[in-house]
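**Student:** Test case, fold it:
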Amino acid sequence: MRRFIILINLILLLAVILFLAGCSRTKDPKEISIGYVNWSEGIAMSYLAKAMLEEQGYKVTLKNADIAPIFTSVAAGKVDLFLDAWLPDTHVDYMRQYGDRLETIGVPFENARLGLAVPSYVTINTIEELETNREHFKDEIIGIDIGASLMNLTEQAVDDYGLHLKLMPSSGPTMTAFLQKSVEHNEWIVVTGWMPHWMFSRYGLKFLEDKKGIYGEAEHIEAVATKGFSETHPYVAEFFRNFKFTGEQLSELMDIMEDYPMRELEGAKVWLKKHPEVIDLFLPSSANQLTLQNEYETDRKNNLFVAGTGNR
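**Tutor:** Next comes the predicted model:
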C-alpha cells in the first residue's frame, strides 16, 4: 500500500513538472489573422505576408474592412494584425484611442505621403489653384472610403483653402478607375492620393503643393498588433520586424498585384519568385526555410533544363 501511495505521488509530481515545463515554453500558435483596408499597399503587403507565412506552416486569414473597424478589431483581439497604420499624423486619432491595447511590431515602409494628386499634364501645381480651375475638374475631388483619415484631411483642406469643389467618396479601386478613364481621355482630374501607390508610376501623377501643411510631412507605415501578440507569436513578430520595403520593391509588388485582380495571393507569389532574396531578409534566421528554398531550387533547375535544350 505504501509503495502504491509513493508511486501515485511520483506520477503526480511528474505530471506537475511536465505541466510547468509546458507553461514555461513560449507558445507560437499557427493561426493568425490580418486585417486590411482596400488600399493598394496594404493589400499587397498583407497578401505577401500570407504567402510567406503559409509556406512556414501558418494558417493566415485575411479580413477586409474599413479603417475604423480594423483598429477596433485589432485592439479587441478579434484580429491579430494591421500592416498599414500611417503615423505619426494620419492615424494618430486611432492610436490615441486604442494605443494602450496595441503594440507596434514593425515598420514596413518609410517616407509615406498623403495629398491631392493630378496627372502631370494638368497645368496647376498648388491646391490653391483648384478653386480658379474648378470647372476643369467638374467641381469634384474624387476621394476614397468614408471615414478614412485622408478623407478627413481633405475635408479640412476644402474648408481651409476655401474650395468650392465637392469631395466625392468612393473607394481605392473606384478612384483609380476614374483616374484611368480621365488619363485615357487627357481630362483633368484631382484625386486623394498617397505614396506608395502604383498609380503614380502608371499614370504619371504629381502632388499639388500644400502650402498650409494640412497633409503633414512624410510619414511611415507601421505594423500594429493586439497587445501581447509578440509574446504569443514570437516567430511572426520577428518576421514583421524584418518586413521592410524600399520604394522600388513596394511599387513593383503593387503593380504586379494589379495584374492579378481577385487573385492577389497568386500575384504575391509571382513577385516573391522574382525576389527570392527577401526570404533571407524577411524570415527569422531560425526559420525552417526548406519549403521555399526547395521551390526556388526546383524552378532554377527547370529553367536550366529548358535553357539547355535551346527552348527558353
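**Student:** got the residue ranges for the helices in the stretch 101-250 of the chain?
**Tutor:** Under the criterion DSSP state H, counting those that start in this stretch, the stretch 101-250 of the chain contains helices at 129-132, 149-160, 172-184, 198-203, 229-232, 234-242, 247-258.
**Student:** To Thr72, which of those lies closest?
**Tutor:** Checking the helices of the stretch 101-250 of the chain against Thr72 by Cβ to Cβ gives helix 149-160 as the closest, at 14.8 Å. Bear in mind the C-beta positions are built from the backbone N, C-alpha and C, glycine included.
**Student:** can I get the CA coordinates of that closest one in PDB?
**Tutor:** The C-alpha trace of helix 149-160 is given here as PDB (Å, rounded to 0.1, in the frame of the first residue of the first chain):
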ATOM      1  CA  SER A 149      -8.100  59.900 -42.400                       C
ATOM      2  CA  LEU A 150      -7.200  61.000 -45.900                       C
ATOM      3  CA  MET A 151     -10.800  62.000 -46.500                       C
ATOM      4  CA  ASN A 152     -11.000  63.900 -43.200                       C
ATOM      5  CA  LEU A 153      -7.800  65.800 -44.100                       C
ATOM      6  CA  THR A 154      -9.200  66.600 -47.500                       C
ATOM      7  CA  GLU A 155     -12.400  67.900 -45.900                       C
ATOM      8  CA  GLN A 156     -10.200  70.200 -43.800                       C
ATOM      9  CA  ALA A 157      -8.300  71.300 -47.000                       C
ATOM     10  CA  VAL A 158     -11.600  72.100 -48.800                       C
ATOM     11  CA  ASP A 159     -12.500  74.400 -45.800                       C
ATOM     12  CA  ASP A 160      -9.100  75.900 -45.100                       C
END
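**Student:** now that helix: mean pLDDT?
**Tutor:** For helix 149-160, mean pLDDT is 96.
**Student:** which outside residues touch it?
**Tutor:** Outside helix 149-160, the residues that touch it by Cβ atoms under 8 Å, 6 or more residues apart in numbering are 67, 86, 90-91, 93, 114, 116, 127, 141, 143-145, 163, 165, 167, 169, 192, 194, 210, 212, 214-215.
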